[in-house]
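K.L.:
need coordinates for the below:
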Amino acid sequence: MRLFNGLRAGAAGTALRLILVLLFGTTPHLTAAEAPATAPAAPARTPLLAFGAQAPDIAGLVLNGAPGTKLSQYRGRVVAVDFWATWCTPCLQSIPELDRVRTEIAEAGFGDRFEIVSVNVDDDIPKARRFLEKHPVGYPVIGDPIGIAMQLYGPWKLPATFLLTPEGKVHMIWLGYADYFPADIKKLALEMLRAQPPPATSP
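P.N.:
Down below sits the predicted model:
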């Protein structure tokens, strides 16, 4: 909104100077205080984490799950890292769908080799907790109120889901939400899980 207002003010100032030129052949000198303010520059966008890159660890205030939960503890599993916010309308659709995908993968026999690690980016932690009370999920949720994980992963749209290999590398990224995203996530996760040898059992 500030950018739009700045452009509108700039356009009005240009029109005024044009009228003065037509009437008097010149324009008065504008002081710094009288000149229209320049719209502030947009902050630089953090680059999106690249395909094949090692996913940075994520830790913080645990909103759902065991205290001290962090992403690195799931190394060896296929993991979907999901960024969301309470004000994100598409997130209301994606959250229950991701929970369903998690349940279905567990029912396929891979419950101990797949996990979703959710990252809430609200700066209002109590609001995020209230949201989770109304919309409970079975996977861990980590709060990122000052945006550390957002800076590391660089999504510019929510929800944003990063599917990680068991080695912790980015396999696929979904930005925003579409009806077919959950099926895609499930398909690719199962492909990786089925391609991995089962964990060795003790004799």
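K.L.:
what's the pLDDT at P197?
P.N.:
The score at P197 is 78. That number is its pLDDT.
K.L.:
likewise T46?
P.N.:
Listed pLDDT for T46 reads 83.
K.L.:
nearest residue to it other than its sequence neighbours?
P.N.:
In this structure, T46 finds its nearest non-sequential neighbour in G154, 4.0 Å apart by C-beta to C-beta, 6 or more residues apart in numbering. Quick note: C-beta positions are derived from backbone N, CA and C, even for glycine.
K.L.:
K134: neighbouring residues, count only.
P.N.:
By other C-beta atoms under 10 Å, the residues close to K134 number 7.
K.L.:
what's the distance between it and A128?
P.N.:
Using C-beta to C-beta, to the nearest Å, K134 is found at 11 Å from A128.
K.L.:
ok, now S72?
P.N.:
To A128, S72 is 22 Å away according to C-beta to C-beta.
K.L.:
neighbour-wise, which of these two wins?
P.N.:
Applying other C-beta under 10 Å to S72 and A128 shows that A128 carries more neighbours, namely 23 against 12.
K.L.:
contacting residues around that one?
P.N.:
The contact partners of A128, taken as C-beta atoms under 8 Å, 6 or more residues apart in numbering, are L63, T86, N120, D122, V141, G143.
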